[in-house]
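Q: I'll drop the sequence and a predicted model, then ask my questions.
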Amino acid sequence: MSRPPSRPAPGGRPPRRPAAAGGGRAPRPAPRTTRTPAGAARPAPRSAPRSAPRPAPPRRRPQQPLGRPPVRLRAGLVVLLAVVMLLGGRLVWLQGLQPEAYAERSGVQRTREVVLRAERGAVLDRNGFPLALSVVAKNVYAEPRLIQSATCTPASATPCDPAGIAAKVAPLLGLDVAEVREQLEQDRAFVYLKRSVEPAVAQRVLDLRLPGVGGETTSRRVHPSRDLAAGVLGFTDFEGVGKAGIELAYDTLLAGKDGLRLAQFDKQGRVIPTGRDSLQAAVPGKDVMLTIDRDLQWYAQDLLARQVAETRAVNGSVVVMDVRTGEVLALATAPSYDPDNRKGVDGATLGNPAVSDVFEPGSVNKVITAAVALEAGIVTPASVVVVPPTYKVGNHTLHDAEKHPLERMTFAGVLAKSSNIGTVKVAEKVGPQRLVDAMKAFGFGERSGLGLPGESPGLLREPDDWSVTSIGTIPIGQGVSTNAIQVASVYATLANGGVRVTPTIVKATRDSAGHLSPSRAATTRKVVSPRVARQITTMLESVVTEDGTAPKAAIPGYRVAGKTGTAQRVATEGKRAGRYDGTYTSSFIGFAPADAPRFVTAVILQGTGKRGHYGGQVAAPVFAKVMGFALRAYGVPPSGRPSPVLRLMADDPARPAHR
C-alpha cells in the first residue's frame, strides 16, 4: 500500500518528491477518492492547515502619455542650430568682414576727451604793471551720497559722517559749519564746498584724507592792487568768464582757446601707453595793456574816496585824459570794491558810474552854447549881455546862482560867472537846431567810443520834442543827460584846438611770446574852429581867477582853464523818480596848461548837498590836486607866461591884458 505524501510544515514549502528511477521525474500519483454510499451523508472534508496568503503587489498608477518626444527633440535641435549659426555669422561679420569698424567701436568706448584749459591773459597798466592776472587755485568738493553711505570705524580718528566732516573742513575753508553740514546731507552726487581756494589751504583739507572730499586744479583771478581801477577792470566768474569791465569787453581775447586731448584709458582711469592719443594744444589768451597809469589812478581814486566820504556824496568819478591822443590815464570811481572779495557788494557799486550813470551836466554844458554862438558870429568874448535879476521863458522863471540887480556883463563874464540868464539870452539867438547839432558834434547822445560795457549814451532830445521852456533849460545843462566820459571829451575837444579825439582805454595787446600789437589810432573829427577853441580857452581861464567861480581849481605855476557845474539831481527810483530829489551833481572839468594843453580832468560828485554842493567848493579842489599830480608825474613844464585878463563886466574900467 502506497505511503501517503507527507504534510508540509506550516508556512513551509512542500518537500520535493523523489525522482523516478532512471533519472526521470516520478509521476504524480492520482488523487485519492472516497466513495459515499447512496443516500448517506457525505462526511465533511478534513480540514488541513493553510499557508499565509502572499501579499498583493502594489498597484501602479497609470502613466500619462509622453506625447511625441522625437518631434520635440528635433525642434529643439533646429532652434539650437539656428542660434549657433546666427552668433557665428555675426562673429564672422564683425571680425572677418568688418574688423576695422569693430576695433574702432571698441576704441571709442575707451577714448575720452580731456579739455585743456587755456591760460587767461593778464590786464596791465600802460607801463606793464599787472592789474589783474590768473594764478593756480583749487576747487574743494564733496560727494554727499558717498559720505552718507560710508561706514565709520568706532576706533578711527577720521570722521566719515556729515557732521564730523563739516566740523573738520569748515574752519579751514572759512565756512559756516552748519552750512557745510547741510550741503553734505543733501541727496546729491557732487557739490562744491568752496571754489578758487589757495592751494596751501586746499592741501590742508586734502591732508585730512576724509572720505568723499577732494580737490581739483583750476585758476583764479587776482588783483595785486586790490580795489584799484575795479570799475574799469571788472571781474570774472568761477569758470573764468568775464562778467564786467575790461574782463567782459575783451573776454574772447583774454580767454584764449582751450585745447583738447583724445586718449584711451583703462578701467582705472590710466592712460593706455600704446592706445590712441592725440593732442590739440591750448592757445593762451593775450594780455591787454590799458592806457591807465597805475600811480595816477591810485592817487585820483584815493583822493576821490576821501572827498565822497567828506561830502557824504552818493558816488564820485574822476577822469584824466590826454587831450592829444584821447587816452584815458585815470578812470577812478568811489566807492570801489575788491574784485577778489565781492561778497555783500551791491550791484550799483559793482558797476562803473563814470560811464553808466547819466546826469544833467548843469553849467559845464554852457561851453557848448558859447562855442556855437561864437562859431556862428552871434557874439564875441567882449559882447555886452544885459542880465536882469530874473528872466522868464514861457511859464518858467530863471535865476542866477546869486541874487543881483540888473547887470551888464561881457560874454566872457557870462561864462566866467556862470550866468544862467545871460547864457539863455544868447541861446535864444542861436536857436534849438544849432544847439542840438553842436551837442551831437561834441559827442552827446551817443556812446563815447571808449568800449566799456554798460555805457549809457545819455539823453538828447531833438528840437521837435522841445517844450516852450526847453530853450531856458537845455543851454544851461538841464533837460539833457550825459556821463562823465562824455563831458570830459567836450573839454578835451576844446583843448585840442576844436578836434574831437575818440577816447580810448586799451593801448595794446601782447601775445604769449611777448609781441606787442598797438591798438588802432583813435578816430578824430573837427567840431569847432581853432579860433573859437582859443577864445573859449581864454574865457575859461577867467573861471579860475578870484573873479570867477572856481579859484580853488588854480595850480601854482600853471595856467588852468575850466568850468564849474552845479545841477539839481533827478531821482531814478522811489516815489520821486523822474523829479528832482533835493540833492546835486557837483562838478569841475578843466585842462592844463591852458597855453599848451596836455591833460583834461573831470571831477563829478553825485548826490551832494549835505556838506556843500557848489562845484567850485567840493569838486574844484580835487581837480587841482589830481591835475597837479599828473603834470608833475609826466614832467610837463610850467606855463611860460601868465593868463590874459578879460573884462567881465561891461562897466568895469579897462584892465591890463595880463595879470
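A: Looks like it arrived, so ask away. Quick caveat, the model's predicted, so the values are computed rather than measured.

Q: once you drop chain neighbours, what's closest to E119?
A: Nearest residue to E119 in three dimensions, chain neighbours excluded: P284, at 4.5 Å (C-beta to C-beta, 6 or more residues apart in numbering). Yep, even glycine has a C-beta here, placed from its N, CA and C like the rest.

Q: ok, the one you found - contacts?
A: P284 is in contact with A118, E119, G121, G256, D511, S512, counting by C-beta atoms under 8 Å, 6 or more residues apart in numbering.

Q: wait, doesn't the fifth one sit right on K286?
A: Spelled out, it's D511. Yes - here D511 lies in contact with K286, judged by C-beta atoms under 8 Å, at a distance of 5.3 Å.

Q: out of these two, which sits in the busier spot?
A: K286 (22 against 15; other C-beta atoms under 10 Å).

Q: can you give me the distance of the more buried one to T585?
A: Separation of K286 from T585 (C-beta to C-beta, to the nearest Å): 38 Å.

Q: outline the domain layout of this structure.
A: Following automatic domain parsing, one gets these domains for the chain: 115-148+163-290, 294-338+350-509+522-633.

Q: mind listing what T502 touches?
A: Counting by C-beta under 8 Å, 6+ apart, T502 touches G326, S448, G449, A522, T523, T524.

Q: could you pull up phi and psi at the first one?
A: Think G326. Backbone geometry at G326, expressed as degrees, to the nearest 10, gives phi 80, psi 0.

Q: find the residue closest to it in space, skipping its chain neighbours.
A: That would be V501: by C-beta to C-beta, 6+ apart, it lies 3.6 Å from G326.

Q: for the one you found, give me its contacts.
A: Counting by C-beta under 8 Å, 6+ apart, V501 makes contact with V323, R324, T325, G326, A492, T493, A522, T523, T524.

Q: mind pulling up the pLDDT for it?
A: V501 carries a pLDDT value of 97.

Q: partner residues bridging it?
A: T524 (DSSP bridges).

Q: please begin residue numbering at 58 from this point
A: OK, 58 is where the count begins now, so the last one is V558.

Q: quick one on the thing from earlier: pick out the most distant pair among the contacts of T559.
A: Maximum pairwise distance among the contacts of T559 (C-beta to C-beta): 13.7 Å, between S505 and T581.

Q: higher neighbour count, those two?
A: Between S505 and T581, counting by other C-beta under 10 Å, S505 is the more crowded of the two (24 against 13).

Q: so what's the more buried one closest to, chain neighbours aside?
A: I542 (4.5 Å).

Q: would you say the one you found is within a strand?
A: No - under DSSP: H, G, I helix; E, B strand; the rest coil, I542 falls outside any strand and is assigned helix.

Q: from A578, how far off is it?
A: In terms of C-beta to C-beta, I542 sits 19 Å off from A578.

Q: the more surrounded of these two?
A: More crowded of I542 and A578, by other C-beta under 10 Å: I542, with 25 against 11.

Q: go ahead and confirm that one touches V377.
A: No - counting by C-beta under 8 Å, I542 stays clear of V377, with 11.4 Å between them.

Q: give me the common contacts of those two.
A: Joint contacts of I542 and V377 (C-beta under 8 Å, 6+ apart) are V385, L388.

Q: which of the helices or strands spans T208?
A: T208 is part of no helix or strand, with elements assigned from DSSP states H and E.

Q: that one against D218, yeah?
A: No - assessed by C-beta under 8 Å, T208 is found out of contact with D218, at 10.1 Å.

Q: more neighbours: those two, which one.
A: Neighbours were counted for T208 and for D218 using other C-beta under 10 Å; D218 has more, 16 against 6.

Q: what segments of the stretch 558-707 of the chain are strands?
A: 563-567, 573-575, 581-583, 618-627, 637-649, 656-665 (DSSP state E, counting those that start in this stretch).
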